[in-house]
Every structure is written in structure tokens, then in C-alpha cells.
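> coordinates only, sequence not included:
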């Protein structure tokens, strides 16, 4: 069953009518509805193209949060072989919001780390909706340091509304853990590539995405704060999230212009959730391409490349 976003309601009506006709035909073999259903399909395809032709930043946020988008676990299962999960931060405990472990990408040994939101109510609660606690970031530090020690490239998959802001997380040093993870990203001497696969929220995303190369899916977002949070602070009204989304310059297209992201990965028409396999394949090709760009760089060059990349961010100025 397709989950439709608010702005897709007209599309839902047309596709629903087409399915109703086909359901009637399945119940009555004498009915022939293909001509009418086909006309509705063509109308739906045209509307889908129109809806996604020029999405506003707020609509991109909605697509980035779509519950049926492929998540970190889906990418790991489809793209990586011999995945061996590694758990715990060796200080407090395990954080299920962060997945990570040793794996092979097209027979290349790598360390893969990512945020996992979950795909149903039970798993979303267990994964804390992808909002990592300090132990999640400390686990990521442990895995990145292990990768550095054994000379393994690091691949991170970012999809989080932000780090968990709960009382317990703050008591256990949330800000220090995020800062340490960001510092580790910048200091390791192995290739580090990152893909924003959905939401890239605040420091919780930066802690995984301070990479040599950052790719974003076409309808992903990456921002210092959510549009709702920004609207609540600036206008004291979370309903002004559309204006906030415009002001935050959080789309892949804006961030390419600002030098924050390095490449955009095309999504299927209608978003990643409409063709998960094609999206996962495109992400795999992008990861391989980014790693290929870094293959010949030695340890010092990789660290310097990362440092120069982040020092240049914003030098292009804001797009008009």
C-alpha cells in the first residue's frame, strides 16, 4: 500500500480509482476496464511528473522523511556482503539508532556506519527514530578508529532528524560525543565518504558526514536545524516551516552551490520510495565512484583533502 504525502493527494485519488477499476475486474472476469484504467495511469504519470518537476524545499523535506524510503539497513543488506555488525561503545552500552560493522563493497573491505530509523512502529521505537545517543556516537568513533588502524575506507549513511536531546543523553555527554565523532572524521587517515540518504539533521548528521566526499540523494535534506525548529525559534510559530525551509537552504541543489555537498544522486520519479532497488543501485555506484576518486591519496593527502574541503565551505556565498 502506497503512503501518500499531503501534496500527493490528487495523485492518490487518480491511482486509487485505477486500482478500484482493476479490483472490480478481478472480481468479475467479464469486465474489461483496461482502457479506462490505462487512461487513469497515464493521467497519474503526468501528474506525478508535474508534482516532482520543481519541488519546494518544504516538499523535499516531506519526501526525505517518507516512511517507505530505503533506510540504512536496506542499503547495507543490498550493497554490502559479509556484513559483520559491531556493537557497543566500550563505555556505557549499545545504541540501536546507529548501525555499523565490517563489510565488503564489491569485494573491497570497508567499515560501514549509519543511522537507522526503523521501518515499523516496533523497530522505530527500538531505533529511537534514528536519533543517536552519546553511546551511538562513541561506537562510531570506535569503529572509525578501528578502520583507521587497519587501513579500511569508511562509508557512512546519514539519516537522522538530529541527535537525541533527552535528559539522559545530555547527562552522558551528548555534545562531547558528537564533537569527538566529528573530530575523528577529520583526523582518520583513510578514505571517508558519506551519503545523505534522507534527513541530515544538525550535529547528529555532521558527526558522520565530515567526510572527504559527501553525496546527497536528490530529495534528501541537510541542515543545522529542522524547519519546524527554526520556525519556532525565529517566528515563535512552528507552522511557518515552509518559510523556514526556504531560508535554511537545505536541499541538495542548494548545498552543491554552497560547496557542502559534492554530488547529487538522482532519485526515481516520485522519490526513492517508488523504486527502492533503483535508488539503492544508484547509491552503490556513487559510493564506488567517490572511493575511486580517493584511492591514490595517501594518509596525509586524505587528511589535507578533508581539511581543505571544510575550510572552503561557504566561500562561494549564498545563492540568490
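The structure has been received and is ready for your questions. Keep in mind the model is a prediction, meaning the values are calculated, not measured. Residues are numbered from 1 along each chain as shown.
> dump the residue contacts of residue 105.
79-80, 112, 155, 284, 287-288, 291 (C-beta atoms under 8 Å, 6 or more residues apart in numbering). (Glycine included, C-beta is placed from N, CA and C.)
> Quick check on these: which are buried?
79-80, 112, 155, 284, 287, 291 (16 or more other C-beta atoms under 10 Å).
> Output the below-cut-off pLDDT ranges for this structure.
1, 316-320 (pLDDT under 70).
> quick one: the helices in it?
Along the chain, counting by DSSP state H, helices occupy 9-27, 34-53, 57-64, 72-79, 121-126, 134-150, 167-171, 174-187, 202-209, 227-234, 241-248, 252-258, 276-294, 299-312.
> Columns distance to residue 194 on top of these, output as a markdown table?
Shown next, in a markdown table, are those (distance: least, C-beta to C-beta, whole Å):
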| stretch | distance to residue 194 |
| --- | --- |
| helix 9-27 | 32 |
| helix 34-53 | 25 |
| helix 57-64 | 16 |
| helix 72-79 | 12 |
| helix 121-126 | 23 |
| helix 134-150 | 12 |
| helix 167-171 | 23 |
| helix 174-187 | 9 |
| helix 202-209 | 4 |
| helix 227-234 | 22 |
| helix 241-248 | 19 |
| helix 252-258 | 12 |
| helix 276-294 | 9 |
| helix 299-312 | 11 |
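> Pick the most deeply packed of the ones you listed.
helix 202-209 (a mean of 24; mean count of other C-beta atoms under 10 Å).
> other SSEs contacting that helix?
Packing partners of helix 202-209 (3 or more C-beta pairs under 8 Å, 6 or more residues apart in numbering; DSSP states H and E): strand 108-115, helix 134-150, strand 154-160, helix 174-187, strand 192-201, strand 221-223.
> Quickly run through the sheet partners of the third one, with directions.
This points to strand 154-160. Sheet pairing for strand 154-160, assigned by DSSP bridges, gives strand 108-115 (parallel), strand 192-201 (parallel).
> about what we covered before: now tabulate the buried ones among the contacts of residue 105 in TSV and tack on distance to residue 209.
Formatted as TSV, the buried ones among the contacts of residue 105 follow (distance: C-beta to C-beta, whole Å):
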residue	distance to residue 209
79	18
80	19
112	14
155	11
284	18
287	14
291	16
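> between these, which is nearest residue 264?
Minimum distance to residue 264 across these is 14.1 Å, recorded for residue 287 (C-beta to C-beta).
> which residues touch that closest one?
Contact partners of residue 287, counting by C-beta under 8 Å, 6+ apart, are 79, 105, 155, 193, 195, 215.
> One more pass at 7 Å, please.
105, 155, 193, 195 (C-beta atoms under 7 Å, 6 or more residues apart in numbering).
> Just flag the most distant two among these.
105 and 195 (12.2 Å).
> returning to that earlier point: reformat the helices and strands packed on helix 202-209 as TSV; add distance to residue 298.
Shown next, in TSV, are those (distance: least, C-beta to C-beta, whole Å):
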stretch	distance to residue 298
strand 108-115	18
helix 134-150	13
strand 154-160	16
helix 174-187	15
strand 192-201	14
strand 221-223	29
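> Select, out of those, the one closest to residue 44.
That would be strand 192-201 among the helices and strands packed on helix 202-209, by C-beta to C-beta, at 24.8 Å.
> Please list the residues outside that closest one that contact it.
Under the contact criterion C-beta under 7 Å, 6+ apart, strand 192-201 has outside partners 64-65, 69-70, 75, 154-162, 185, 208-209, 211-217, 220-223, 226, 283, 286-287, 290-291.
> swap in stretch 243-258?
Residues from elsewhere that reach stretch 243-258 (C-beta under 7 Å, 6+ apart): 57-58, 60-61, 216, 218, 220-223, 227, 230-231, 234, 261, 264, 313-314, 316, 318-319.
> how long is it end to end?
Distance across stretch 243-258, first residue to last, is 20 Å (C-alpha to C-alpha, to the nearest Å).
> contacting residues for residue 222?
Applying C-beta under 7 Å, 6+ apart, the residues near residue 222 are 196, 200, 205, 216, 250, 255, 260-261.
> ditto for residue 58
Residue 58 is in contact with 227, 241-242, 245, counting by C-beta under 7 Å, 6+ apart.
> Could you check how far it is from residue 231?
Remark: distance between residue 58 and residue 231 (C-beta to C-beta, to the nearest Å) = 10 Å.
> do residue 123 as well
Taken as C-beta to C-beta, the span from residue 123 to residue 231 is 30 Å.
> Residue 128 now?
Residue 128 is 24 Å from residue 231, by C-beta to C-beta.
> repeat for residue 81
Distance from residue 81 to residue 231, counting by C-beta to C-beta: 44 Å.
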